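K.L.:
Predicted coordinates and the sequence they were generated for:
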Amino acid sequence: MNNVTLTIDGQKVTVPENYTVLEAARSAGINIPTLCYLKEINEVGACRVCVVEVEGARTLQASCVLQVQDGMVVKTNTKKVREARKAVVELMLSNHKGDCTTCERNNKCELQSVANDLGVKEVAFEGEMTETYEDTSSPSVVRDPGKCILCGRCVSVCSKVQNVGVLGFTNRGFETIVTTAFNKDMRDVPCINCGQCIAACPVGALKEKEEIDYVWDAIEDPNKHVVVQTAPAVRAA
Ligand code: FES
């Protein structure tokens, strides 16, 4: 594998030619925020939080899907970049159920953390929100599309890592949601209750059902009781 040398924020960085700009920046200790990126699992450029300026390019580029090139000059922290990232996060928050303080993921939420880092203090764009409902039908996974940021991490993990594929995108534009085939309840699809989608979710759109539910299920019918096997292996790299 050949190496290439590029300049990131004024620093010369030499990396293998198959690296992305994000990987090159991280290898040099330069932080670029990400939300949809999961190394080798979900490299889809969906969230646009990782945008950077590249000399000679007319638009900002998503660094997680941009392959390095020899002589490339990249800036990761200009005013234009920061404003674009902030606008992206503000748009996500404008269509996001705003119960952060009581959310299961409060203080462990990647969206919250990126918003804090970017100085987002209020919902800048108020208006219509995508109509969603919380699916609590599964014995193990609670799915709340009202908090989903459409990063696709759960979809990739469910299909590519677990080879199950019960989650996918449906609808178009503002109506887009991640859901099951034909929008069925989680209890009616062949979910294996592995919990990997929960581990991959950057926000509170997927969470484990509270223990109390298991207890009641077990009391009512011990044969129905399902234990979630949450494997914390899949996290943002
Ligand atoms: Fe690059 Fe989401 S992390 S587009």
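P.N.:
On my side now, so go ahead.

K.L.:
Mind giving me the packing neighbours of the top helix by length along the chain?
P.N.:
When the chain is scanned for its longest helix (criterion: DSSP state H), the result is helix 79-94. If you count contacts as 3 or more CB pairs under 8 Å, 6 or more residues apart in numbering; DSSP states H and E, helix 79-94 packs onto strand 51-54, helix 110-117. C-beta here means a position set from N, CA and C on the backbone, and glycine is covered the same way.

K.L.:
Please identify the most buried of those.
P.N.:
strand 51-54 (a mean of 22; mean count of other CB atoms under 10 Å).

K.L.:
Okay, now the sheet partners of whatever helix or strand comes next after that one, with direction.
P.N.:
Toward the C-terminal end, the helix or strand that comes next after strand 51-54 (DSSP states H and E) is strand 61-62. Here strand 61-62 has these sheet partners by DSSP bridges: strand 51-54 (antiparallel).

K.L.:
got the phi/psi numbers for Thr101?
P.N.:
For Thr101, the backbone dihedrals are phi -70, psi -20 (criterion: degrees, to the nearest 10).

K.L.:
Quick check, pLDDT for Val123.
P.N.:
pLDDT for Val123: 80.

K.L.:
Which element, helix or strand, includes it?
P.N.:
Per DSSP H and E: Val123 is located in neither a helix nor a strand.

K.L.:
Can you report how many residues neighbour it?
P.N.:
13 (other CB atoms under 10 Å).

K.L.:
how near is the nearest residue to it once chain neighbours are set aside to the ligand?
P.N.:
Once flanking residues are discounted, Val123 sits nearest to Leu93: 5.4 Å by CB to CB, 6 or more residues apart in numbering. In this view, Leu93 and the ligand are 16 Å apart by CB to the nearest ligand atom, to the nearest Å.

K.L.:
Likewise for Val21?
P.N.:
Per CB to the nearest ligand atom, Val21 is found 10 Å from the ligand.

K.L.:
List the contacts of Cys47.
P.N.:
Going by CB atoms under 8 Å, 6 or more residues apart in numbering, Cys47 touches 34-37, 88, 92, 149, 151.

K.L.:
Going through these, which ones are buried?
P.N.:
34-37, 88, 92, 149, 151 (16 or more other CB atoms under 10 Å).

K.L.:
ok, the closest residue to Asp185 other than its chain neighbours - how many residues close by?
P.N.:
Once flanking residues are discounted, Asp185 sits nearest to Ser137: 3.8 Å by CB to CB, 6+ apart. Neighbour count for Ser137, taken as other CB under 10 Å: 14.
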